[in-house]
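*Asks:* Curious how this folds, go ahead:
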Amino acid sequence: MTIIGMLHHRKDPETVMKAYAFAAVAQAEGAKFFYFSPGEVNFSNRTIKGQVYEKGGWQTKIMPFPNVIYNAGSPEKLAKSKETIDKLKKEIPFTTYSIGNKWSVNRRLKEAKDFASYLIPTEVVKNADHFFKFLSTFEKVVFKPIDGRKGKGIFFIVQEGGRFTVKGEGTNSSYGKSQLNGFIKQKLSKETFIVQPYIQSVTKSGQVFDFRLHVQKDGNGEWVITTIYPRIAPQGSIIANINSGGYTNYLDPFLEHEFKEEAFNIRKKLEFFSLSLAKHLDELQMEKFGEMIDEIGVDIGMDGQLKLWIYEVNWRPGCPPAFYLELDVVKNTIKYAMYIAKNQIAIQKKIREMKRKRTAKEKKTPIIAITGSAGKTTTKAFLSSILSKKWNVFESKDYWNTTEHTKKHAAEINSSHQAVVLEYGMAYPGVITEHCRIIQPNMSIVTNVGLAHVGNFNGDPRGVAKAKSELIHGMDQYGVLCLNRDNDNSRFLETQNFKGKKITIGIQKPADYRAYDVHYTDQGMGFKMKLQNEEVELFIPIFGEHHVYNALSAIAIADQLGFSPMEIKAGLLFKKPPRRLTIYNCKDNITVIDDTVHSHPEGVRAAIDVLMNLAKHRKIAIIGQMRELGDIREKEYRKLGDYIQQQGIDLLITYGFRTEEIGAQAKKRGMAADKIHHFTDREKLHALLSKLISKDDTILIKGASKTNMFETVKFIDQNYS
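*Replies:* Next up, the predicted model:
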């Protein structure tokens, strides 16, 4: 006879409602059952002081160690008895193991990829600023505790212009930003919260609903569906959880009423999904921990396109009393307990097989290299941010793009990294070939071919393109290559013999990944594009159309790697590289635009475009020297002078060797002489700024790191903050 022990943190089985049901069903199935808590275990004589249900009541008896243990207590409350429980696990099989909290399950499913497309992008809220960035992208979000249960502590927050509607926990309020900021900070001070986009899942009458999928293992160790039922929130509520006032319905009548002829197909979809997800999670538990799970409850939504979304996965879910399913749940649990007690050799063999399968099915790690005359670091930051939504990513540090850096990266990358994202910089021929020799990429991005370092190639952009083409020749010839369709000089790249997949990005010209409706917002750039056959609205928290190109390259690679539009949208909320069009708001409504890392003619024009779009009053451009232009310097400086005059810049200040040529050309084209200044002495430049800067000015400071233009940013910040 199989002896089953129910482990619980409470000492008295009278306080655990399901204990009696388990005792009754165990007896009916021919098993011996007793209840116990960790403090009653005696390892020296292998006995347990347990509670046995006999003659209408619980009787205390000394029991031998059981053949199997049903772990029914709270993981948090049993944690203080960890040593005892770990010793029991070594000797006795357990029926059930914790699969973790909402966040850890979410991460596990993301990493495994199979069900990642059903996950709603979820982030642990680091601080109020992080929350507001997420909200600015999705506009409607759910804000809830990471370890929340029974629908408690969940808030639905909608941004509408400058106001925010907050619903949940009896609250239905309209807040200003400062009020909402205080609300978020107050919640975060007490516990950890996560934030997700809100997926609309509503009935014809406008009531929020979701589905609970309850699955268990049976007496043969196979997954079976215990029940699937809809949960409907009360009118005006966003919480369908029964403990928060939601109510249930039978599945078939609900589907027939809401979905008519689609009802049968949706039922089959839910059944297939519930069993497939349970098997997948069970396999992950075996692979990761060498354990099996026996029961899960999955809460899912269904949007207007009938796409399923996983809200959360629950370990040991409750069953609605209205359906009289408690005994069904207990029956499956008891039969499964008897199964694992008798089949441990087969179970352990299966676990070993799953670990071997995992090793065999691991795919080649994506190694993505990024080169280009501009945009490498920002593209890398976008792509790493997206990929990290699912994977452990090795990302090179900002501006670490020399061959010496690549050698260091080669020593740091290990088997824990699921993707590698690197910058490959170059100033001369042969450099990128050396990068590829050290670490050969299987996916590559050439952001553009421009005038950076063109002086090292006799002033000919075709020479730059040839050097950039070393990435195409040096990468996996059957990999994926991403190119900029709008960049004219990219036509010189040597792609003729590349045998892999070529994908293109663009805004102006037709491309595989094309952005449209590109526009400035208060905090960055918005745009639309077609992605996986649907139109999506996207946002990046950095200014400038040129950064939309960088985002497109990251989006294209992420899409090729199977990331969903929602994951991509969340990943675009990246950590912006420093001094890349960073905005400083100073006193008297003075705005400083800091773009002081690199400088070349295309980058200066792009920064001026940002200045023109952001400034509401006087526009001041402070432009530093551009290096390595060689013989084309004079020509390019004249072009910039033309552009500055055409754009209507109010005040031009140039700094550094020969940059007066920019101002001279602007003056020649009609810009007033008293609006143009030139310096080679930084202190004199700063002295002029002290006299010239006035209320409401917007000031662009553009220059390469080697010209130390950031000193001017600091000067303005110190004197006008």
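
*Asks:* Break this structure down into its domains, please.
*Replies:* Using automatic domain parsing, the domain ranges for the chain come out as 3-91, 102-120+202-360, 123-197, 367-571, 582-720.

*Asks:* Just send those domains back as JSON lines, with mean pLDDT and mean neighbour count too.
*Replies:* In short, each C-beta sits where N, CA and C put it, glycine included. Output for these, formatted as JSON lines (pLDDT from 0 to 100; neighbours: other CB atoms under 10 Å):
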{"stretch": "domain 3-91", "mean pLDDT": "94", "mean neighbour count": "17"}
{"stretch": "domain 102-120+202-360", "mean pLDDT": "86", "mean neighbour count": "17"}
{"stretch": "domain 123-197", "mean pLDDT": "88", "mean neighbour count": "16"}
{"stretch": "domain 367-571", "mean pLDDT": "92", "mean neighbour count": "20"}
{"stretch": "domain 582-720", "mean pLDDT": "92", "mean neighbour count": "18"}
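
*Asks:* residue ranges of the helices in the stretch 251-400 of the chain, please?
*Replies:* Ranges of helices in the stretch 251-400 of the chain, per DSSP state H, counting those that start in this stretch, are 251-259, 263-289, 326-342, 344-361, 376-387.

*Asks:* ok, residue 706 to residue 481 distance?
*Replies:* For residue 706, the distance to residue 481 equals 31 Å [CB to CB, to the nearest Å].

*Asks:* need the helices of the stretch 251-400 of the chain in JSON lines with distance to residue 32, can you?
*Replies:* Shown next, in JSON lines, are the helices of the stretch 251-400 of the chain (distance: least, CB to CB, whole Å):
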{"stretch": "helix 251-259", "distance to residue 32": "37"}
{"stretch": "helix 263-289", "distance to residue 32": "27"}
{"stretch": "helix 326-342", "distance to residue 32": "11"}
{"stretch": "helix 344-361", "distance to residue 32": "18"}
{"stretch": "helix 376-387", "distance to residue 32": "52"}
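
*Asks:* Identify whichever of these lies nearest to residue 6.
*Replies:* Each of the helices of the stretch 251-400 of the chain has some distance to residue 6 by CB to CB; the shortest is helix 326-342, at 9.4 Å.

*Asks:* So residue 116 is in contact with residue 561, correct?
*Replies:* No. In this structure, residue 116 is not within contact of residue 561 by CB atoms under 8 Å, at 10.5 Å.

*Asks:* so residue 468 makes contact with residue 369?
*Replies:* No. If you go by CB under 8 Å, residue 468 and residue 369 don't touch, sitting 11.2 Å apart.

*Asks:* ok, residue 221 - contacts?
*Replies:* When contacts are counted by CB atoms under 8 Å, 6 or more residues apart in numbering, residue 221 touches 336, 339-340, 343, 347.

*Asks:* Kindly confirm my reading that it is in a strand.
*Replies:* No. The assignment for residue 221, made by DSSP: H, G, I helix; E, B strand; the rest coil, is coil rather than a strand.

*Asks:* Phi first, then psi, for it.
*Replies:* Torsion angles at residue 221 (phi, psi; degrees, to the nearest 10) stand at phi 80, psi 20.

*Asks:* Distance of the residue minimising distance to the centre of the chain relative to residue 620?
*Replies:* With distances taken as CA atoms, centre = their mean, residue 389 lies nearest the centre of the chain, 3.0 Å away. Distance of residue 389 to residue 620, given as CB to CB: 39 Å.

*Asks:* so who does the closest residue to residue 450 other than its chain neighbours touch?
*Replies:* Ranked by CB to CB, 6 or more residues apart in numbering and with sequence neighbours excluded, the top spatial neighbour of residue 450 is residue 373, at 3.3 Å. For residue 373, the contact set (CB under 8 Å, 6+ apart) comprises 447-453, 464, 468, 600, 602.

*Asks:* Name the residues that touch stretch 569-578?
*Replies:* 121, 123, 133-134, 137-138, 197, 377-378, 381-382, 384-389, 398, 536, 538-542, 551, 554-555, 558, 563, 582, 597.

*Asks:* same thing with stretch 33-53?
*Replies:* Looking at what lies outside stretch 33-53 - CB under 8 Å, 6+ apart - the contacts are 3-11, 13, 16, 19-20, 22-24, 26-27, 58-66, 73, 78, 81, 84-85, 87-88, 334.

*Asks:* Around residue 577, count how many other residues there are.
*Replies:* 17 (other CB atoms under 10 Å).

*Asks:* After the helix or strand harbouring residue 89, which helix or strand is next? Please name it.
*Replies:* Using DSSP states H and E, residue 89 falls within helix 82-91. Where DSSP H and E defines the elements, the next helix or strand beyond helix 82-91 is helix 102-112.

*Asks:* tell me how far that next one is from the chain's mean position?
*Replies:* Distance, stretch centre to chain centre, for helix 102-112: 11 Å (CA atoms, centre = their mean, to the nearest Å).

*Asks:* what's it packed up against?
*Replies:* Packing partners of helix 102-112 (3 or more CB pairs under 8 Å, 6 or more residues apart in numbering; DSSP states H and E): helix 263-289, strand 308-315.

*Asks:* After that helix, which helix or strand is next?
*Replies:* Counting by DSSP H and E, what follows helix 102-112 is strand 123-124.

*Asks:* list the helices and strands that following strand packs on?
*Replies:* strand 193-197.

*Asks:* quick check: angle from the strand it packs on to helix 102-112?
*Replies:* Interaxial angle, strand 193-197 versus helix 102-112 (axes from the mean of the first three to the mean of the last three CA atoms, to 10 degrees): 50 degrees.

*Asks:* What pairs with strand 193-197, parallel or antiparallel?
*Replies:* In the sheet containing strand 193-197, the strands it pairs with under DSSP bridges are strand 123-124 (antiparallel), strand 140-145 (antiparallel).

*Asks:* Give the pairing partners of the next helix or strand after that strand; include direction for each.
*Replies:* Downstream of strand 193-197, the next assigned helix or strand under DSSP H and E is strand 209-217. Strand 209-217 pairs in its sheet with strand 223-232 (antiparallel), strand 295-302 (antiparallel), by DSSP bridges.

*Asks:* Make CSV out of the ones you listed and add distance to residue 682.
*Replies:* Shown next, in CSV, are these (distance: least, CB to CB, whole Å):
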stretch, distance to residue 682
strand 223-232, 66
strand 295-302, 58
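
*Asks:* With distance to residue 657 as extra columns, can I get the strands paired with strand 193-197 in CSV?
*Replies:* Shown next, in CSV, are the strands paired with strand 193-197 (distance: least, CB to CB, whole Å):
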stretch, distance to residue 657
strand 123-124, 47
strand 140-145, 51
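
*Asks:* looking at those, which is closest to residue 210?
*Replies:* Where the strands paired with strand 193-197 are weighed against each other on CB to CB, the nearest is strand 140-145, at 11.9 Å.

*Asks:* Which neighbouring elements make contact with the helix or strand just after the closest one?
*Replies:* Sequence order places strand 155-160 as the next helix or strand after strand 140-145, per DSSP H and E. Packed against strand 155-160, as judged by 3+ CB pairs under 8 Å, 6+ apart, are the following elements: helix 128-138, strand 140-145, strand 163-168.

*Asks:* now strand 155-160 against helix 128-138, angle please.
*Replies:* 60 degrees.

*Asks:* quick one, which of the strands paired with strand 193-197 is nearest to residue 662?
*Replies:* Within these, the stretch nearest residue 662 is strand 123-124; the backing value is 43.9 Å (CB to CB).

*Asks:* Need the contact partners of the closest one.
*Replies:* 103, 130, 134, 146, 192-196, 570.
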